[in-house]
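*Asks:* Take this sequence and fold it.
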Amino acid sequence: MRLLCKSLKIVCSGRIGPPAGAGLVFALLAFFSTLSADPPKTTARAQLDALSSEVRAAHARGDAPSYLAGSKEMRQFLNDSPNGVLQVMSAQAFAGDNDGALDSFAEFIRMGQSNRQVFEAKPFDALRSSPRFLALQTEMAKNDDAIAAASAMFRMPEPGLVPEDIDYDPSTRKFYLTSVVNHTVLACETDGGCRVFDRAPEPWPMMALKVDARHRTLWATAVALKGFKSVPKASWGTSLVLLFDLDSGKLLHRVSGPPGATLGDMTLNMDGDAIVADNEGGLYRINRKALRFERLDGGEFISPQTPAMCPDQRCVFVPDYVRGIAILDFETRQISWLPSNGLHALSGIDGLYLQGRTLIATQNGTSPERVVRFTLDPSLRHIESESIIERATPTLGDPTHGVIVNSTFYYIANSGWDRLEDDGTSKSGTTPSSPLLMRADLQ
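*Replies:* Numbers count the residues shown, from 1 in each chain. Below you'll find the model as predicted:
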């Protein structure tokens, strides 16, 4: 679940840009100050807070060397994300290192990013007379060109549902989707005919969803999203894990999540246990039988999203919306980060899915938003190549999650999240979107 998007839209859309006369860090700081203060700060959040304070102080006192050093440290902490690259570029421009700033600009472009608004900001005034800057702007515009390697499967039965997650039951050949607005789980035929499978036991958005076809159960989460008008204020910050009988729709179990957790994303391991991401920072395993929560991480995440199990079940890929893609080893509990090598944008991922050496990501936190395919090396620790499935098309809109069925990737496009205010109501002057289920062949 893209919890961050409801806190600061300019981050989620990839439109981070410095206000006039300030560094890019202030947009990041504004965002992190909006995160919930109820859960205790994790190590990663405390570290980012410290880095942000140092960088802000250096900029305020006009200390260009310290501002640049702190920005480089922040970029390293963000695992060379596009936002980290932009932060360093801003500091380089502030220090008068125009060549270095333009090198950072070129790297941002190599990562497939485009953000004209950022480069119109005041910190980059000194670069605008450079012929290289103008050439890079022209090159960047190519990253906004439409790519369409997918086709529409079906349109959701009614606009404004804001579907979040999706999975598939091979036995019945049905897709299951959660609805944020209607607080339901929908069961849909491959021709697009949908019915309500079940409703949330509380008037809360339905978020994560996974089908356990082997045990004939369906896992889902209902989250009392803070600020949503449809959610009673007394419930804000509460999550439920729900287990339904897949055949009858009967609610079998209702388990409360950890206090303050926002359980927005999940996957299942081979045994049917759930690996659930708390978008506030934690990662949990829930035993299928005992229904107990076990904390897996050590506080390394800012906002973990949809996990993807390793083929050997010994580890899990965890996309952090801010820091990129982590790999957590279940035995050692050690975390490593998939390197971007200055070529790949790995932050802003909402859904992540692995089949063999193919890693599919739905990225609604990059600019532009996209669905992208990464090919990993045999060790699954490095990216060999990437290709875009969909980008900058009329059908993509705001993508959320997907599911791999055999050799086809199905994903939710034009979800409608971008047409909701922070309180969950429709933005003035907009009409509810008509979500699409798209399909892309992976062979």
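
*Asks:* Now the residue nearest to Lys229 when sequence neighbours are not counted. Its backbone dihedrals?
*Replies:* Spatial nearest neighbour of Lys229, excluding adjacent residues (C-beta to C-beta, 6 or more residues apart in numbering): Asp423 at 4.8 Å. (Glycine included, C-beta is placed from N, CA and C.) Backbone geometry at Asp423, expressed as degrees, to the nearest 10, gives phi -90, psi 10.

*Asks:* Over to Trp236?
*Replies:* Torsion angles, degrees, to the nearest 10, at Trp236: phi -50, psi 140.

*Asks:* what helix or strand is the closest residue to it other than its chain neighbours on?
*Replies:* With sequence-adjacent residues excluded and distances taken as C-beta to C-beta, 6+ apart, Trp236 is closest to Lys226, at 4.3 Å. Assigned by DSSP states H and E, Lys226 belongs to no helix or strand.

*Asks:* What about Lys226, how many residues nearby?
*Replies:* 20 (other C-beta atoms under 10 Å).

*Asks:* Just the pLDDT for it.
*Replies:* Confidence at Lys226, expressed as pLDDT, is 92.

*Asks:* And for Leu4?
*Replies:* pLDDT at Leu4 comes out at 45.

*Asks:* What of Phe31?
*Replies:* At Phe31, pLDDT is 40.

*Asks:* hang on, the earlier thing: surely the residue nearest to Lys229 touches Val231?
*Replies:* No. Asp423 is beyond contact range of Val231, at 9.5 Å (criterion: C-beta atoms under 8 Å).

*Asks:* Phe77 versus Cys188, what's the distance?
*Replies:* 41 Å (C-beta to C-beta, to the nearest Å).

*Asks:* Just the CA trace of stretch 397-409, in PDB.
*Replies:* This file holds the C-alpha atoms of stretch 397-409, laid out as PDB (Å, rounded to 0.1, in the frame of the first residue of the first chain):
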ATOM      1  CA  GLY A 397      -2.900   6.200 -14.600                       C
ATOM      2  CA  ASP A 398      -1.900   5.300 -11.000                       C
ATOM      3  CA  PRO A 399      -0.900   1.600 -11.000                       C
ATOM      4  CA  THR A 400      -0.900  -0.400  -7.700                       C
ATOM      5  CA  HIS A 401      -0.400  -4.200  -7.500                       C
ATOM      6  CA  GLY A 402      -0.300  -7.200  -9.800                       C
ATOM      7  CA  VAL A 403       0.000 -11.000  -9.900                       C
ATOM      8  CA  ILE A 404       2.000 -13.400 -12.100                       C
ATOM      9  CA  VAL A 405      -0.100 -16.200 -13.500                       C
ATOM     10  CA  ASN A 406       2.000 -18.700 -15.500                       C
ATOM     11  CA  SER A 407       3.900 -16.400 -17.900                       C
ATOM     12  CA  THR A 408       1.600 -13.400 -17.800                       C
ATOM     13  CA  PHE A 409       1.700 -10.500 -15.400                       C
END
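
*Asks:* shaky segments in the chain?
*Replies:* 1-42 (pLDDT under 70).

*Asks:* Which parts of it are helices?
*Replies:* Using DSSP state H, the helices of the chain run over 9-12, 25-32, 43-60, 64-77, 82-94, 98-110, 116-119, 131-141.

*Asks:* so which of these is the most packed in?
*Replies:* With neighbours defined as mean count of other C-beta atoms under 10 Å, these peak in mean count at helix 82-94, which reaches a mean of 27.

*Asks:* any idea of the angle it forms with helix 43-60?
*Replies:* 20 degrees (axes from the mean of the first three to the mean of the last three C-alpha atoms, to 10 degrees).

*Asks:* Now do helix 82-94 against helix 98-110: the angle between them, please.
*Replies:* 160 degrees.

*Asks:* Report all helices and strands that helix 82-94 contacts.
*Replies:* helix 25-32, helix 43-60, helix 64-77, helix 98-110 (3 or more C-beta pairs under 8 Å, 6 or more residues apart in numbering; DSSP states H and E).

*Asks:* any chance of those in a markdown table, plus distance to Arg439?
*Replies:* Shown next, in a markdown table, are these (distance: least, C-beta to C-beta, whole Å):
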| stretch | distance to Arg439 |
| --- | --- |
| helix 25-32 | 34 |
| helix 43-60 | 36 |
| helix 64-77 | 37 |
| helix 98-110 | 29 |
